[in-house]
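Student: output the structure for:
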Amino acid sequence: MRILHTSDWHFGRRIHGFDVGDAHARFLDWLVPLVAERGIDAVLVSGDVYDRAIPHPDALDLWDRATAELLATGTRLIATSGNHDSFIRLGVGRRQLSAAGLHLRTRLSDIDRPVRLGYDGRMLSPDDPAPGVSVHGIPYLEPALVWERMGAPARTHTAVLGAAMDRIRAVHAEREAAGLPADRRVVLAHAFVTGSVSSESERDISVGGVGAAPLAVFADCDYAALGHVHRPQDLAPGVRYSGSPLPFSFGESGQTKRVLEVEFSGPDREPAVMEHPIPEFVRLRTLTGPLEAVLGEAAGHQDALVSAELTDARRVPGALERLRRAFPGFVRMTWKGLSEPAAPRPALTAAAAARRTDRQVFEEFHRAQRGAAAPAHAVERFESALVTVLSQSETAAGARGRG
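Tutor: Predicted coordinates for the structure are as follows:
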């Protein structure tokens with residue numbers, strides 16, 4: 001029996017204002033044939049199907065397409081809600097959709113409703129005596145909202161995840177008490193787990209350190225399919241983050257994204273894990289060097305989202321516009337290692353501030369922004385513009401007075 005672990009699709013995401021819907025569509029073009037070719041029995045999505053609680057219509061279309069095409073391969077789709085999802089919206093119709101093979105786990109009451117699969121891949125009913133694999137989905141649990149309802153001892157992620165695992169243990173204990181063979185346990189969870197390394201694209205769900213749960217929470221799992229952290233990483237042989245299918249921040253540039261195939265071949269054999277690298281559907285590149293050198297690389301990065309880190313000794317006038325013209329996917333620019341960094345200006349008293357002329361204020365601003373004194377032509381343009389503005393202001397004031 002084979003499952004495919006993926007997470008954090010974030011349909012509807014924009015990267016620094018750029019729509020990546022086309023990249024998501026190409027990811028599905030790659031994923032669906034892989035599922036069919038590998039004979040996957042269940043695809044797991046461990047939270048954050050969408051990027052926001054009220055998804056854009058285009059994001060809804062992507063999810064509709066994903067479910068239709070994946071189910072058409074004969075696989076099942078098991079998804080939980082993440083901190084970006086609305087558990088109410090994602091879970092609409094979840095009980096009826098189960099009959100079609102789409103199993104949504106978005107409510108507390110869903111935690112102890114596993115999807116049972118036999119070692120031959122067929123669906124098993126809850127009371128089927130055959131041994132198999134029970135897949136439990138834990139939706140994202142906001143401690144402040146659920147800890148009391150779950151009977152958790154504290155308002156922390158560790159406590160609520162521990163309470164969720166207690167519910168799962170109770171399901172298996174009841175089965176074993178009835179004399180039925182034990183199932184293997186697969187758990188989907190959306191959380192920070194101690195030891196994981198995050199990226200700048202994840203929304204911080206921790207407050208004062210209570211957002212990280214220890215690895216020991218998942219000690220009873222044969223496989224913990226984790227979501228929320230976008231960087232692919234393995235915390236233990238049976239506790240893994242698949243990572244997001246696309247990079248959503250420049251810190252993820254160069255990462256090899258992946259999905260994980262997990263095969264269960266029997267009740268007494270350890271699951272075998274195979275990694276499938278995802279092609280680079282979004283290119284994020286940070287280009288570092290003097291402005292002219294960065295511009296010289298433009299031909300090789302016309303299809304990339306670009307962050308420029310400029311190392312010129314002084315700020316170069318017009319750099320921003322030149323970068324925008326050179327790179328269709330230009331996102332941001334920063335200056336690194338300026339030889340004349342602007343020194344912080346000491347605080348002025350009200351009297352000292354009042355004595356400064358408009359020209360002095362402009363020259364100080366220019367030095368702070370450009371790292372050099374304002375040239376004569378810039379000062380002349382400022383003074384000309386100031387005269388025009390003051391003249392227009394006086395004319396408008398006179399008109400109001402006559403009125």
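Student: residue boundaries of the strands in the stretch 201-350 of the chain?
Tutor: In the stretch 201-350 of the chain, the strands defined using DSSP state E, counting those that start in this stretch lie at 212-213, 223-227, 233-236, 239-241, 258-263, 272-277, 284-289, 305-310, 330-335.
Student: of these, which is nearest residue 180?
Tutor: Counting by Cβ to Cβ, residue 180 lies closest to strand 223-227 out of these; the figure is 20.8 Å. For every residue, glycine as well, the C-beta is placed using N, CA and C.
Student: circling back: highest mean neighbour count out of the strands of the stretch 201-350 of the chain?
Tutor: Highest mean neighbour count of the strands of the stretch 201-350 of the chain: strand 223-227, a mean of 28 (counted as mean count of other Cβ atoms under 10 Å).
Student: out of the helices and strands in the protein, which is least certain?
Tutor: Of all regular secondary-structure elements in the chain, judged by mean pLDDT, DSSP states H and E, the least confident is helix 350-355 with a mean of 60.
Student: so what's residue 17 closest to, chain neighbours aside?
Tutor: Beyond its immediate neighbours in the sequence, the residue positioned closest to residue 17 (Cβ to Cβ, 6 or more residues apart in numbering) is residue 331, lying 7.9 Å away.
Student: can you tell me how far that neighbour is from residue 321?
Tutor: As defined by Cβ to Cβ, to the nearest Å, residue 331 lies at a distance of 15 Å from residue 321.
Student: quick one: pLDDT of residue 403?
Tutor: The model reports residue 403 with a pLDDT of 51.
Student: sorry, that was for residue 397
Tutor: Reading off the confidence values, residue 397 has pLDDT 56.
Student: with residue 373 instead?
Tutor: According to the per-residue confidence, residue 373 scores 83 in pLDDT.
Student: swap in residue 42?
Tutor: 98.
Student: need the contact list for it.
Tutor: By Cβ atoms under 8 Å, 6 or more residues apart in numbering, the residues touching residue 42 are 2-4, 75-78, 115, 117, 135.
Student: mind redoing it with 6 Å?
Tutor: Contacts of residue 42 were listed using Cβ atoms under 6 Å, 6 or more residues apart in numbering, and they are 3, 76, 78.
Student: surely the first one touches residue 262?
Tutor: What that stands for is residue 3. Yes - taking Cβ atoms under 6 Å as the contact criterion, residue 3 and residue 262 are neighbours in contact, 5.0 Å apart.
Student: residue 111: neighbour count?
Tutor: Neighbouring residues of residue 111 were enumerated by other Cβ atoms under 10 Å; the total is 23.
Student: ok, it - contacts?
Tutor: For residue 111, the residues meeting the contact criterion (Cβ under 6 Å, 6+ apart) are 138, 164, 167.
Student: select from the contacts of residue 42 every entry located in strands.
Tutor: Per DSSP state E, strands hold the following members of the contacts of residue 42: 3, 76, 78.
Student: any weak-confidence spans in this protein?
Tutor: Residues of the chain that meet the criterion pLDDT under 70 lie in 200-211, 339-355, 369-371, 393-403.
Student: could you list the domains of it?
Tutor: 2-277, 283-339, 347-403 (automatic domain parsing).
Student: most packed of those?
Tutor: With neighbours defined as mean count of other Cβ under 10 Å, those peak in mean count at domain 2-277, which reaches a mean of 19.
Student: leaving out chain neighbours, which residue sits closest to residue 9?
Tutor: Here the nearest residue to residue 9 in space, its sequence neighbours aside, is residue 49; by Cβ to Cβ, 6+ apart that works out to 5.6 Å.
Student: which residues of the stretch 1-150 of the chain fall in helices?
Tutor: With DSSP state H, counting those that start in this stretch as the criterion, the stretch 1-150 of the chain has helices at 21-38, 57-72, 87-90, 94-97, 143-146.
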